[in-house]
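Q: Let's see this in three dimensions:
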Amino acid sequence: MKYTHLRTILFVVLVWLMVSACGLLAPQAEEITPEGLYTQAAQTVSAQLTQRVEEAQMTPAPGDSALPTQPAPTNTPSNTPTNLPPSATPTLPLPTFTPAPPTATPDLRPCDAARFVSDITIPDGTTLPSDAVFRKTWRLENVGICNWTTSYSLVYVSGDRMSGSRVIPLPRTVAPGERIDLSVDLVAPDRSGRYTGYWMLANASGERFGIGADASGAFWVEIRVLGANSRYAYDLTANLCMASWRSSAGSLACPGDTGSSDGSIALLSAPLLEGGRQENEPALWTRPETVRDGWISGVYPAYKVKANDHFLAEIGCLDGSDDCEVVFSLDYQEVGGSTRNLGEWTEVNDGKMRLINVDLTPLAGKSVKFILTVTNRGRPAEADAVWLVPSVRQIAPPDENPTAVKAAISRLASDLGIDPASVVVISWQEVKWNDTCLGFSQPDDICDIANIPGYRIMLSTEKRRFEAHTDQTGSIVIWVEITTES
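A: This next block holds a predicted model:
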């Protein structure tokens, strides 16, 4: 009984000590047993005693310096141990998250669409002789999302078809992003003028598509056709591609690739000749193979020569080909016979073209094939040889020329101090002048209005050209030297 009261008193004391130490009795979610309460009270008493001892040790004795101020305690989460060293204090993990996968952007490109890249052959505005057979090639890129299979086609849409096939299947499959060269064989019309043909693509279902923002645009071929000059007995310029062309490297296409090292043949409608002379008459641009002594040659169809036929042309180099040095040769071949030479001329870029005038009268009545040949003797890359208006023309013998033409020859030879026999009549035609200056008015001239019958006469010496205007009898002759033509 004695011990029972003692235990009760001790229990009350322990409870009082707990309340005084903590300031309040924390609520407990679990049931408190007497045994657990004794243990908790004992731990509390032990902690208070320890704290009092530490405070006693930290209290300075009389005369001692004050100790450093202790940092204020911080609240420690109830689930964090307080007896761990600083380096062992656990770190709470940062929250992590996984970003959502990006939303796929839909491809808004059409299934079938094309982009024009370049003209591989026959750039827009290329001049061709009438009836010339040529191949047009475009480079296109597939900018859609569907393959162009061999069930797709190149199709004619509108404009000048120029004898081309209406539907041409693609030669291979073209994946998106790939490019392809597509070609069509065409024939130039037989009349002078400009011609344009429009083309598109078609898919396996026959639906057309092309170029542009909405893939509805056509691509095209545009050419200029040069017909034969009716004033010439035979126009070798207009019949350029009727000839068979070869070089020292082999056969050549007509018109050809003017950048090919094998050589090429092309028609220039307004060539810029050596010396900066701009012409408005056509010329043949004949490039030999780009090697030393490389050559190019064209054999024309047979032509039956008539009396008073002359072969005329001006020969030389293109402007800018400073190291041009070439040999021009004119030959003919009788049908079934051997080849014979009519003339050979060496030309360098000296700023002047040379006129050649070959009388064909000795061949009158014969069918011959004319052969034009150019051989390189200088820098291969600059062998840009041109034949300006090569043609067969009817030129009357000097004694059969009109009186006014004879007067023009005599007047020009006298003014230049040369032999009249060295003056060549290129052409003449009857005209009516509308003033007394015969169409050659100068700033200080006074020209009265008049209606005067007369002649326009084209004359030449070896490397100079002249135009003479006369009245009907040749009593008035006015001439000028031709240096450029626009």
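Q: Listing request: residues of the stretch 351-486 of the chain with sub-threshold pLDDT.
A: Residue ranges of the stretch 351-486 of the chain with pLDDT under 70: 483-486.
Q: what about the strands in it?
A: Remark: strands assigned in the stretch 351-486 of the chain by DSSP state E, counting those that start in this stretch are 354-359, 367-376, 385-394, 424-435, 449-460, 465-471, 477-482.
Q: would a markdown table of the ones you listed with mean neighbour count be doable?
A: Using the backbone N, CA and C atoms, a C-beta is placed for each residue, glycine as well. Shown next, in a markdown table, are the strands of the stretch 351-486 of the chain (neighbours: other CB atoms under 10 Å):
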| stretch | mean neighbour count |
| --- | --- |
| strand 354-359 | 17 |
| strand 367-376 | 22 |
| strand 385-394 | 22 |
| strand 424-435 | 16 |
| strand 449-460 | 18 |
| strand 465-471 | 22 |
| strand 477-482 | 16 |
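Q: Which of the ones you listed sits closest to residue 221?
A: strand 385-394 (25.6 Å; CB to CB).
Q: got the CA positions of that closest one in PDB?
A: Output of strand 385-394 as PDB, limited to C-alpha atoms (Å, rounded to 0.1, in the frame of the first residue of the first chain):
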ATOM      1  CA  ALA A 385      33.400  31.900-136.100                       C
ATOM      2  CA  VAL A 386      30.400  33.500-137.800                       C
ATOM      3  CA  TRP A 387      29.000  33.500-141.300                       C
ATOM      4  CA  LEU A 388      26.800  36.600-141.700                       C
ATOM      5  CA  VAL A 389      23.900  35.900-144.100                       C
ATOM      6  CA  PRO A 390      25.500  33.100-146.100                       C
ATOM      7  CA  SER A 391      23.400  32.800-149.300                       C
ATOM      8  CA  VAL A 392      23.300  32.300-153.000                       C
ATOM      9  CA  ARG A 393      22.100  35.400-154.800                       C
ATOM     10  CA  GLN A 394      21.600  36.400-158.300                       C
END
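Q: Quick check: which of the strands of the stretch 351-486 of the chain is nearest to residue 266?
A: Of those, nearest to residue 266 by CB to CB is strand 385-394, at 10.0 Å.
Q: Identify the neighbouring strands of that closest one in the sheet and state each direction.
A: In the sheet, strand 385-394 lines up against strand 234-235 (antiparallel), strand 283-287 (antiparallel), strand 309-317 (antiparallel) (DSSP bridges).
Q: I would like the residues contacting the following helix or strand past the shortest one, please.
A: Just to be clear, that refers to strand 234-235. Per DSSP states H and E, the first helix or strand lying C-terminal to strand 234-235 is strand 244-247. Contact partners of strand 244-247, identified using CB atoms under 8 Å, 6 or more residues apart in numbering, comprise 251-254, 256, 262-263, 265, 288-289, 294-299.
Q: how about 7 Å then?
A: Counting by CB atoms under 7 Å, 6 or more residues apart in numbering, the neighbours of strand 244-247 from elsewhere in the structure are 252, 254, 262-263, 265, 288-289, 294-299.
Q: okay, now the closest residue in space to residue 144 that isn't next to it in sequence: neighbour count?
A: Distance criterion CB to CB, 6 or more residues apart in numbering; nearest residue to residue 144, sequence neighbours excluded, is residue 113 at 4.0 Å. The number of residues packed around residue 113, counting by other CB atoms under 10 Å, is 22.
Q: quick revisit: for the strands paired with strand 385-394, which one ends up most surrounded?
A: strand 283-287 (a mean of 26; mean count of other CB atoms under 10 Å).
Q: what's downstream of that strand, the next helix or strand?
A: Next in line after strand 283-287, if elements are assigned by DSSP H and E, sits strand 295-304.
Q: Residue 274: neighbour count?
A: 22.
Q: Let me see the contact set for the nearest residue to residue 474 once chain neighbours are set aside.
A: Counting by CB to CB, 6+ apart, residue 407 is the residue found nearest to residue 474 once chain neighbours are left out, at 2.9 Å. Residues near residue 407 by CB under 7 Å, 6+ apart: 470, 474, 477.
Q: Figure out how far the strand or helix carrying residue 340 is from the centre of its chain.
A: If you go by DSSP H and E, residue 340 is part of strand 339-348. Offset of strand 339-348 from its chain centre (CA atoms, centre = their mean, to the nearest Å): 39 Å.
Q: and stretch 208-215, average pLDDT?
A: For stretch 208-215, the mean per-residue pLDDT is 96.
Q: List the buried residues in it.
A: Residues of stretch 208-215 classed as buried: 209, 210, 211, 215 (neighbour count, 16 or more other CB atoms under 10 Å).
Q: tell me how far the ends of that stretch are from each other?
A: One end of stretch 208-215 sits 9 Å from the other (CA to CA, to the nearest Å).
Q: Residues touching it, excluding its own?
A: So stretch 208-215 is in contact with 110, 112-116, 155, 200-203, 216-219, going by CB under 7 Å, 6+ apart.
Q: Generate a ChimeraX selection restricted to the buried entries among the residues you listed.
A: What follows is the ChimeraX syntax for the buried subset of the contacts of stretch 208-215, where burial is set by 16+ other CB under 10 Å:
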select :112,113,114,115,116,155,200,201,202,203,218,219
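Q: CSV for the strands of the stretch 351-486 of the chain, including distance to residue 276?
A: Converted to CSV, the strands of the stretch 351-486 of the chain look like this (distance: least, CB to CB, whole Å):
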stretch, distance to residue 276
strand 354-359, 17
strand 367-376, 22
strand 385-394, 14
strand 424-435, 22
strand 449-460, 19
strand 465-471, 15
strand 477-482, 14
